[in-house]
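A.B. asks: Here's a sequence, model it:
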Amino acid sequence: MLNTIIQYCNDSIAGVQTAMANDINIIYIGTSPMTPSKVLVRLWPEIHRRCPDIKFQLVAFENTLENAKEILRSLGKNIDIVIGIFDDTMLKLRKCEGLELLKTPICCAVSVNHRLASRERLKISDLYNETFMMMHRG
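C.D. replies: Predicted coordinates for the structure are as follows:
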């Protein structure tokens, strides 16, 4: 865990130094299997048309509770934007802002080897005896 945080900080410092040396406006977008950036990537042509001087760089991170807290606590330092789910309570608690880009049906991610991986749609009964990582109110 500590090595991950140190590497994350070193990568961020290198990114900032590169951006400063090249005088480039870069938006750092955090991405992971649980927080995919494909929504912003799809929007990028329109964003680029309106703001041609802005570039973006994807920053991969590991999905752990502590890592998520650290990223939200330090938004604007190493990562500027993260796609994910949120509610008003979470935004206030983490002292950050959110913008709803789209609503999507409830989805879940599983390993490619999981018994449900090949299924397009699930029934509630398919989820019996499974363990989930979810946000909860408050």
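A.B. asks: Distance of Ile29 relative to Lys92?
C.D. replies: As judged by Cβ to Cβ, to the nearest Å, Ile29 and Lys92 stand 23 Å apart. (C-beta placed from N, C-alpha, C; glycine too.)
A.B. asks: higher neighbour count, these two?
C.D. replies: Remark: of Ile29 and Lys92, Ile29 carries more neighbours, 19 against 9, as counted by other Cβ atoms under 10 Å.
A.B. asks: quick one: the strands in the protein?
C.D. replies: Using DSSP state E, the strands of the chain run over residues 25-31, 54-60, 81-82.
A.B. asks: looking at those strands, which is buried most?
C.D. replies: strand 81-82 (a mean of 20; mean count of other Cβ atoms under 10 Å).
A.B. asks: Need the contact partners of that one.
C.D. replies: By Cβ atoms under 8 Å, 6 or more residues apart in numbering, the residues outside strand 81-82 that reach it are Ile27, Tyr28, Ile29, Gly30, Thr35, Leu40, Ile71, Leu72, Leu75.
A.B. asks: Please repeat the previous calculation with a cut-off of 10 Å.
C.D. replies: Strand 81-82 has contacts (Cβ atoms under 10 Å, 6 or more residues apart in numbering) with 27-32, 35, 37, 40, 56, 59, 61, 68, 71-72, 75, 96, 98-99.
A.B. asks: strand partners of that strand, parallel vs antiparallel please.
C.D. replies: As defined by DSSP bridges, the strand partners of strand 81-82 come to strand 25-31 (parallel).
A.B. asks: what angle separates the partner strand from strand 54-60?
C.D. replies: Calculated by axes from the mean of the first three to the mean of the last three Cα atoms, to 10 degrees, strand 25-31 forms an angle of 30 degrees with strand 54-60.
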